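Trainee: need a structure here:
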Amino acid sequence: MCDKMISMNILIVGAGPAGVVSALAIKKNHPDYNVLVLEHLNEPLKKVLATGNGKCNLGNAKLDWKRFSHYDFVSKHISDYSFEGYREYLNSLNIRTKLIDNLLYPISESAITVREALLLEAERLGIKFKLAESINSYEFKDNFYEVKTDKSSYKVDKIIFSTGSKSSPQLGSDGSIYSLLVKHGYKITELKPGLSPIHTIEKTRVLEGIRVKANVVLLKNCKKIHKESGEVLFKDSGLSGIVIFNMMTEISRNGNGEYKILIDLLPEFEVKDLENLHKNQTNEEFLKGFVHPKMLKYFLENHYEKEPIKYLKALPFTYKSSYGFEFSHVTVGGVSLTEIKDNFESRKEPGIYFLGEVLDIDGPCGGYNLAWIFHVARNFNF
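Mentor: Numbering: from 1, shown residues only. Take a look at the predicted model:
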C-alpha cells in the first residue's frame, strides 16, 4: 500500500453519472490517487442510455432549483452554478450540446455519445472499472476500509456510494445497497416512486393513446397543492406524460391522502368564451368541435356531456397508485440528509461519502436531476 500522504485508494460504488463524473473530478484534482469504480452490472452508465428517451436530456436553461426536494440543502451547493458554465464543462468532455425548447441535449441527440465521451475521459485519466461485481460488506480496520465483494476484496482509504436508488431496477438501480447501509446505522427515508405514470380509479381504456396539451391541477384532500402545464398522455389504465410524472413526485412527497387530478383540456379558452361558442348548439355538437372522438365517447360514457364546459376545463381523475419503481425515473427518499455533512461525507463514518440519487434528493422532469448530479459530481473534492 502506498504512503497515504502521497497517494490514496478511492473506491466508488456505482458507475452511474454521479460515480463516473465524481471519478473524473477526483482524478483531475489528485492525479496520484488510485480511483476504482465498482459496478454490479456488466456495463457502466447504462441508465444514461435511457434518459430523455435515449436522447439524454442533460439540463434546462430555465432550471428552477426550488423545485428540488430539500431545497435548503440543495441551495448550499448551487451558488457557483451557471448554465453556460455547465455547457462549457460538457464541451470540455467533447459533449457538444444544443437547446430544444430550453432543454439541453447533445447535438447528436444520442445518449450513447454522452456515455462514450465520459468513458473515454475516464480511460484517458487512468480510472479503473470493475464490472459485474457487487459490494457485500465494508469495515474500517487498521486505518483502512476493508471492502468485500462477491468476487474480491479491497483495502481503500475512502468510499463513495453512488449506486442510484430504487427506480428503473432493470437499469441497475435496484435499491439493494440500502440493506448494507442500514447495517451501518444509516437512516433511510421511505422510498417511493417519483416521475412515473399513474393508475387512476377512473377507467381510461377508451382514451388510450390520446395526447393533449393541458393545464393540470393536483388536489390533496380537496386542497390544491400543485399546478403545471404540459402534455398528458392517456394510457389504458391511467395517465402519463411529463406533467403527470411530476404530479407523481408531488404525491410521493406529500404522503397519504386522497389525490385528485383536474385536467383543463382547453387551456387557451376562458369559460366565458366557451359559453358564447356553446350558444345554439346541443352539448354533443359543442363537444365534437373540441375533443377527439375517443374523448367524446368518454364524456358520454361518464355523462360529462351534461355539463360540457365544466368538464372540459376540469376533467377529474382520482389517483389509485403509481406504476411502480420499474416505470419511475427517480426515487423519492433515500439516505437521509441528516446523515451527511455539507460536503456529502457521512457524519457516522469518516471517509464515507454519498452522491446522486442514493440520497434523499430529487427533482422534476426536464434535465433537473442530471444537471444536479453533474454539478455536484464535477465539483466533488475531498
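Trainee: next one: the nearest residue to Asn57 once chain neighbours are set aside from His70, what distance?
Mentor: Spatial nearest neighbour of Asn57, excluding adjacent residues (CB to CB, 6 or more residues apart in numbering): Gly367 at 4.4 Å. Heads up, the C-betas are built off the backbone N, CA and C, glycines and all. From Gly367 across to His70, the span is 19 Å (CB to CB, to the nearest Å).
Trainee: neighbour count winner among the two?
Mentor: Gly367 (24 against 14; other CB atoms under 10 Å).
Trainee: next, the contact list for the more buried one, please.
Mentor: Going by CB atoms under 8 Å, 6 or more residues apart in numbering, Gly367 touches Gly52, Asn57, Leu58, Gly59, Asn60, Leu63, Leu103, Leu104.
Trainee: in strands, which of those fall?
Mentor: Cross-referencing the contacts of Gly367 against strands under DSSP state E gives Gly59, Asn60, Leu103, Leu104.
Trainee: bridged to the third one, which residues?
Mentor: It stands for Leu103. Per DSSP bridges, the residues bridged to Leu103 are Asn60, Ile100.
Trainee: got a list of contacts for stretch 69-77?
Mentor: Stretch 69-77 is contacted from outside by 65, 68, 253, 332, 337, 342, 360-363, 372, 375-376, 379, using CB under 8 Å, 6+ apart.
Trainee: how does it look with 7 Å?
Mentor: Residues outside stretch 69-77 that contact it (CB atoms under 7 Å, 6 or more residues apart in numbering) are Trp65, Phe68, Arg253, Val332, Leu337, Asp342, Asp360, Ile361, Asp362, Val376.
Trainee: what does stretch 274-292 give?
Mentor: Applying CB under 7 Å, 6+ apart, the external contacts of stretch 274-292 come out as Ile210, Leu265, Leu266, Leu296, Phe299, Glu305, Lys306, Pro308, Ile309, Leu312.
Trainee: now do the contacts for the fifth one.
Mentor: In other words, Phe299. Per CB under 7 Å, 6+ apart, neighbours of Phe299: Leu287, Glu305, Tyr311.
Trainee: export the residues you listed to a markdown table and tack on distance to Val37 and pLDDT?
Mentor: Formatted as a markdown table, the contacts of Phe299 follow (distance: CB to CB, whole Å; pLDDT from 0 to 100):
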| residue | distance to Val37 | pLDDT |
| --- | --- | --- |
| Leu287 | 57 | 98 |
| Glu305 | 59 | 97 |
| Tyr311 | 53 | 98 |
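Trainee: which of the residues you listed are buried, as a ChimeraX select command?
Mentor: Listed next is the ChimeraX selection for buried residues among those, using 16 or more other CB atoms under 10 Å:
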select :287,305,311
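Trainee: closest one to Glu116 out of the contacts of Phe299, please.
Mentor: Nearest to Glu116 out of those is Tyr311 (CB to CB; 49.3 Å).
Trainee: dump the residue contacts of the closest one.
Mentor: Contacts of Tyr311 were listed using CB under 7 Å, 6+ apart, and they are Phe299, Tyr304.
Trainee: what helix or strand is it on?
Mentor: Element membership for Tyr311 (DSSP states H and E) is helix 308-313.
Trainee: what's the closest of the contacts of Phe299 to Asp236?
Mentor: For the contacts of Phe299, the nearest to Asp236 is Tyr311 (20.8 Å; CB to CB).
Trainee: Asn143 and Ile373: what is the separation?
Mentor: For Asn143 relative to Ile373 (CB to CB), the value is 31 Å.
Trainee: between those two, which one's more packed in?
Mentor: Taking neighbours as other CB under 10 Å, Asn143 and Ile373 compare with Ile373 leading, 23 against 10.
Trainee: pLDDT score assigned to that one?
Mentor: Note on Ile373: pLDDT of 98.
Trainee: right, and it touches Gly356 too?
Mentor: Yes. Under the criterion of CB atoms under 7 Å, Ile373 makes contact with Gly356 at 5.2 Å.
Trainee: intersection of neighbour lists for the two?
Mentor: Each of Ala18 lies in contact with both Ile373 and Gly356 under the rule CB under 7 Å, 6+ apart.
Trainee: so which residue is dead centre in the chain?
Mentor: Nearest to the mean C-alpha position of the chain, counting by CA atoms, centre = their mean, stands Val330 at 3.6 Å.
Trainee: re earlier: let's see which of the contacts of stretch 274-292 end up in strands.
Mentor: Judged by DSSP E, strands contain none of those.
Trainee: quick one, which of those residues are buried?
Mentor: By 16+ other CB under 10 Å, the contacts of stretch 274-292 give Ile210, Leu265, Leu266, Leu296, Phe299, Glu305, Pro308, Ile309, Leu312 as buried.
Trainee: just checking, the second one touches Ala314?
Mentor: The one in question is Leu265. No. In this structure, Leu265 is not within contact of Ala314 by CB under 7 Å, at 9.0 Å.
Trainee: which SS state does the residue in the chain sticking out farthest from the centre fall under?
Mentor: No residue in the chain sits farther from the centre than Asn280, which is 49.0 Å out by CA atoms, centre = their mean. Assigned with DSSP: H, G, I helix; E, B strand; the rest coil, Asn280 falls in the coil class.
Trainee: nearest spatial neighbour of Leu49, chain-adjacent residues omitted?
Mentor: Leaving aside its chain neighbours, Leu49 sits nearest to Ala111 (4.8 Å; criterion: CB to CB, 6+ apart).
Trainee: look up how far His329 lies from the one you found.
Mentor: Separation of Ala111 from His329 (CB to CB): 14 Å.
Trainee: check Asn302 too.
Mentor: Taken as CB to CB, the span from Asn302 to His329 is 31 Å.
Trainee: compare neighbour counts for the two and give me the winner.
Mentor: The neighbour comparison of Asn302 against His329 (other CB under 10 Å) goes to His329, with 21 against 15.
Trainee: does the more buried one touch Leu195 like I think?
Mentor: Yes. In this structure, His329 is within contact of Leu195 by CB under 7 Å, at 3.8 Å.
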